[in-house]
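> structure of the sequence below:
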Amino acid sequence: MTEKKKISFDIKPKAGVTANVAVVDWPTDVRGVTTDLRKTLRSTAQQINGDAARLKLVLETLSIGLGMFKAKFIDDKKKLARKYEEGVKREEEAKERRLKEAELQLELAEAALEEQAKQVAKMAEAIKGKE
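Reported below is the predicted structural model:
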């Protein structure tokens, strides 16, 4: 299971990041989740071109994006928890059905054994009666 740690959505700019968009040191992303985002961020950084209004627009957009990430994360966590609980419930219901089926099979087997015992008793009486 993955390590659980608190996620902070209170993000501050990382110090020491270079202005050269070609050599920014990104975190390792083996799954490629952020590939498109990184490309867009590099392109957007180049388009700001020292314009304060563009920077403000980008920062507001990033702020909304962070809000969206947080909302989506929380919503997805709730959905995963619900799916997990539904899975647990389905498994418990399946166990209950299997138990009831086993109990029914046991009752049928006991009834068949009783019937066989009666037949054996009749046969035994018939044999005694012939002797």
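
> rest of the way, CA atoms for contacts and neighbours
Noted.

> show me what the strand or helix carrying Leu108 is packed against.
Using DSSP states H and E, Leu108 sits within helix 52-130. Judged by 3 or more C-alpha pairs under 8 Å, 6 or more residues apart in numbering; DSSP states H and E, helix 52-130 is in contact with helix 35-48.

> quick check, pLDDT for the residue nearest to the spatial centre of the chain.
Centroid-nearest residue in the chain: Leu80, 4.6 Å away (criterion: C-alpha atoms, centre = their mean). Note on Leu80: pLDDT of 96.

> going forward, count from 15.
Fine by me, first position is 15 from now on; the one you just mentioned is Leu94.

> ok, back up a step: ok now the helix holding Leu122, how far from the chain's centre?
Here helix 66-144 shows a centroid-to-chain-centroid distance of 16 Å under the convention C-alpha atoms, centre = their mean, to the nearest Å.

> repeat that for stretch 60-76.
37 Å.

> kindly report the same for stretch 59-78.
36 Å.

> can you name the residues in contact with it?
The contact list for stretch 59-78, computed with C-alpha atoms under 8 Å, 6 or more residues apart in numbering, reads Val35, Thr58.

> list the buried ones in it?
Using 16 or more other C-alpha atoms under 10 Å as the test for burial, stretch 59-78 gives Ala59, Leu69, Val72.
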